[in-house]
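J.: structure, please.
(one chain, ligands or ions: 1)
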Amino acid sequence: MAELVPLTTPLPGPRLTGRSALVTGGASGIGAATALRLAAEGATVLAVDLDGEGLGRTVAALPAEATGGITPHVADVSDEDAVAGAVAVAVEGGGGLHVVANIAGILRAAHTTEHSLQMWDQVIRVNLTSTFLVCRAALPHLLTGGGAIINSASTSASFGHPWMAAYAASKGGVAALTHTLAVEYAKRGVRVNAIAPGSVRTSMTKGLDFPADADFDLIARIMSPIGPGDPASVAAVVALLASDDGAHISGEIIRIDGGTHA
Ligand code: NAD
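T.: Here you go, the predicted structure:
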């Protein structure tokens, strides 16, 4: 006879009470939505970004009823010392570190034949090297009490996104780094996953400057049949991965693209 397995997780309620989280890119778009969502779910969040004014707007947007909080921290996540400093502040302020969401990133579009080395280096450094730096600095703390890392990949890691050579390569690197860390630390209580959004309405996509002669038939290949997503719905997936509801998910690259590549 079939057996009924009782629910073991209390529903509903904040899932991150007592957790300390570091969120990069917290001044805008998906990072801001993530900082707000994690704090609304009870986490003590250190929101890190280059943009201090934007961080102020994120902090001000936190509803009074949120059970967690957000502390702004201005830092460049591609700078090794600044990353070490941000992790130390998160550990100090949150009494440890349990969740890391690497959301900061930049996008530059150009024909590959016109893609400068300087632009390539900048995109790889901000999107990929910073993810490595933050993971490396945070892991010793996550390993003490268990934790979750959520990195930002993109559908460009798996599907051709024209005119985004460095961006796509950086996101492919983030996906590979995510798989590697997930296996390396699986038995030590740290889960490592990545989100892979398609098109999401943020300043990144608003400011996207395709080459003037870009072929829009090719751009249409990466557009969702139901339109771009919103940052809050991506943040909800980050919160799932950060929480115990994601307890058995590790090494996943979760596509959030409104059916674009279904
Ligand atoms: P966004 O431009 O709205 O926000 C990015 C934030 O990162 C900004 O606040 C910016 O100041 C910050 N940042 C950039 N460089 C930094 C640095 N060196 N140090 C610290 N902070 C820095 O962009 P978004 O759309 O919210 O993107 C967030 C992440 O999601 C990025 O990694 C992006 O590649 C990824 N993503 C976005 C989309 C999309 O359609 N918007 C799709 C796939 C993946």
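
J.: what about the residue in the stretch 51-200 of the chain positioned nearest to the ligand, which helix or strand?
T.: Of all residues in the stretch 51-200 of the chain, G105 sits closest to the ligand, with a separation of 2.4 Å (CB to the nearest ligand atom). Every C-beta, even on glycine, is put in place using the N, C-alpha and C of the backbone. Take DSSP states H and E as the rule and G105 turns out to sit in neither a helix nor a strand.

J.: same question for T34.
T.: Element membership for T34 (DSSP H and E) is helix 29-40.

J.: following that helix, which helix or strand comes up?
T.: Using DSSP H and E, the helix or strand that follows helix 29-40 towards the C-terminus is strand 44-49.

J.: which elements pack onto that next one?
T.: Helices and strands touching strand 44-49, by 3 or more CB pairs under 8 Å, 6 or more residues apart in numbering; DSSP states H and E, are strand 20-24, helix 29-40, helix 52-60, strand 69-74, helix 80-94.

J.: hmm, it in reach of the ligand?
T.: Yes: where contact is defined by CB under 6 Å from any ligand atom, part of strand 44-49 touches the ligand, namely D49.

J.: what mean pLDDT does that strand get?
T.: Mean pLDDT, strand 44-49: 98.

J.: same check, this time on stretch 172-189
T.: Rounded to a whole number, the mean pLDDT of stretch 172-189 is 98.

J.: what does it rub up against?
T.: Under the contact criterion CB atoms under 8 Å, 6 or more residues apart in numbering, stretch 172-189 has outside partners 102, 124, 127-128, 131-132, 135, 139, 142-143, 145-147, 149, 151-153, 156-158, 190-194, 196, 250-251, 253.

J.: and with 6 Å instead?
T.: L128, T131, L143, G146, N151, A153, A157, V192, A194, S250, G251, I253 (CB atoms under 6 Å, 6 or more residues apart in numbering).

J.: which ones are touching A40?
T.: A40 is in contact with A66, counting by CB under 6 Å, 6+ apart.

J.: hmm, 7 Å instead?
T.: When the contact criterion is CB atoms under 7 Å, 6 or more residues apart in numbering, the partners of A40 are P63, A66, G68.

J.: please apply the same query to P197.
T.: Residues near P197 by CB under 7 Å, 6+ apart: S154, G229, V234, I256, D257.

J.: before I go, just wanted to say thanks for your time.
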